[in-house]
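S.K.: Give me a 3D structure for the following:
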Amino acid sequence: MVAQSVLLRWLRRSRACLPFLPTSFGTYLFLKARDCESTFLAAGETHDPWNIKSCVATSTCWGPKELNTRLQCRDASYEPASAPALNKDNIYQPIVGDCDGDCSMTFDNFAQFISSSLSDVGSSGSPPSSDDLRANYWSYITEWTATEDVSYTDFNDWLFNSNA
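M.R.: The predicted model follows:
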């Protein structure tokens with residue numbers, strides 16, 4: 001009930017952006033999207049969503065295009081093409097873990113990233129099943145990159161160019 005009332009208050013404040021509010025993951029995605037939006041807006045003119053874990057996680061669920069549209073709706077001065085690249089040290093490297101050289105993100109890394117991002121924003125529910133994550137989220141990234149495991153360069157390119 002509490003999560004539902006928080007969601008309704010947030011939706012009322014965000015009324016102008018309602019067409020851009022996908023519903024994947026229900027309340028869980030809402031928590032990530034709310035954290036992404038509030039952190040992004042609090043950072044002011046930096047316009048760096050790819051340095052915010054919840055924004056990267058939300059983009060893998062909504063698609064970067066939907067997330068960018070949402071952020072532009074909340075801050076008209078944000079230009080997605082001018083955003084800095086995905087933060088390799090603070091976002092990508094923790095996803096793939098300790099390794100030598102340029103490690104690629106596996107499905108297991110991705111699933112752990114989604115689970116930890118939900119936990120980070122206070123979700124007490126279970127993340128989607130592995131089958132759901134693979135079929136409905138990971139597959140869009142790997143199909144666009146044409147790889148089973150996703151390198152930093154490919155993931156950054158997907159964030160900027162996929163129109164997912």
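
S.K.: So what touches stretch 35-45?
M.R.: 47-49, 52, 54-55, 57-58, 67, 70-71, 74-75, 77, 120-121 (Cβ atoms under 8 Å, 6 or more residues apart in numbering). (Each C-beta comes from the backbone N, C-alpha and C, glycine too.)

S.K.: are any of these buried, and which?
M.R.: 47-49, 52, 54-55, 57-58, 67, 70-71, 74, 121 (16 or more other Cβ atoms under 10 Å).

S.K.: picking up where we left off before, looking at the contacts of stretch 35-45, which one is closest to residue 158?
M.R.: Nearest to residue 158, judged by Cβ to Cβ, of those is residue 67 at 12.3 Å.

S.K.: correct me, but the closest one touches residue 57?
M.R.: No. Using Cβ atoms under 8 Å, residue 67 is not in contact with residue 57; the gap is 9.9 Å.

S.K.: low pLDDT regions in this structure?
M.R.: 1-32, 101, 123-127, 164 (pLDDT under 70).
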